[in-house]
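Asker: heads up, no residue letters with this:
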């Protein structure tokens, strides 16, 4: 498996993921759990952000205290399901710049079709985190990163809730320079390109649609 893959095996992440996988999980609970898990995943994917110091005064004395360095990071959500991860990450890094990529999967070819692209400026100077709950075939994710790279981004990471081996392999082939952080690597894809055992369609379960 790809050396660029990180699986977050924290007990709370795995417990919450099991609750989400259960088909009896309600829409509201699914949405809440996704937001909570996204913050654990964001903790991992931002672990190596550059730091500097600035002088502050505590109630007792002055000190040089650590703060984030450089430009604010950019978050890019692959619509629509990516927004469930985006919301949670923004609670941790509210100053992040936000972009959106609209892709849907052709059900016959399983290839991505672009319908929306709105990205922040100055991506060449920012860490850019692309988010989508499911890394299934990897085609949409690879296409989204193509779009982000075309906009100038060079320091890119991909965050997802679940990954299939096929999607990890596709990403590793298309974008070997992009680390992937996920909560679980599942068994395989079915004939329709859904992750097994998976949790169904993340977008439908998040928004209560079919």
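Answerer: Great, that's in hand. What you are looking at is a predicted structure, and each value in this text was computed from that prediction instead of being measured.

Asker: can you give me the strands for the chain?
Answerer: In the chain, strands defined by DSSP state E lie at 5-7, 51-57, 62-68, 74-79, 97-105, 112-118, 127-131, 134-135, 155-159, 162-163, 180-182, 184-185, 188-189, 195-196, listed in chain order.

Asker: and the contacts of the third one?
Answerer: It stands for strand 62-68. 49, 50, 51, 52, 53, 54, 55, 56, 57 (C-beta atoms under 8 Å, 6 or more residues apart in numbering). Where you see a C-beta, it was placed from the backbone N, CA and C, and this is true even at glycine.

Asker: change it to 10 Å
Answerer: 46, 49-58, 93, 95 (C-beta atoms under 10 Å, 6 or more residues apart in numbering).

Asker: in stretch 61-73, what's buried?
Answerer: Of all the residues in stretch 61-73, those buried under the rule 16 or more other C-beta atoms under 10 Å are 72, 73.

Asker: straight-line length of that stretch, end to end?
Answerer: Stretch 61-73 has its terminal residues 31 Å apart, counting by C-alpha to C-alpha, to the nearest Å.

Asker: numbering from 12 from now on, please.
Answerer: Done: numbering now begins at 12, and the last item shifts to stretch 72-84.

Asker: longest helix of the chain, counting residues only.
Answerer: helix 38-56 (DSSP state H).

Asker: and that one, what does it pack against?
Answerer: strand 16-18, helix 22-32, helix 93-103, strand 138-142, strand 166-170, strand 191-193, helix 213-218 (3 or more C-beta pairs under 10 Å, 6 or more residues apart in numbering; DSSP states H and E).

Asker: just for this protein, where's the confidence low?
Answerer: Scanning the chain for pLDDT under 70 picks out the ranges 12-13, 121, 221.

Asker: returning to that earlier point: tabulate the contacts of strand 73-79 (TSV), appending neighbour count and distance to residue 156.
Answerer: Formatted as TSV, the contacts of strand 73-79 follow (neighbours: other C-beta atoms under 10 Å; distance: C-beta to C-beta, whole Å):
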residue	neighbour count	distance to residue 156
57	19	18
60	12	20
61	8	22
62	10	26
63	10	28
64	11	33
65	10	33
66	8	39
67	10	38
68	9	43
69	8	42
104	16	20
106	8	23
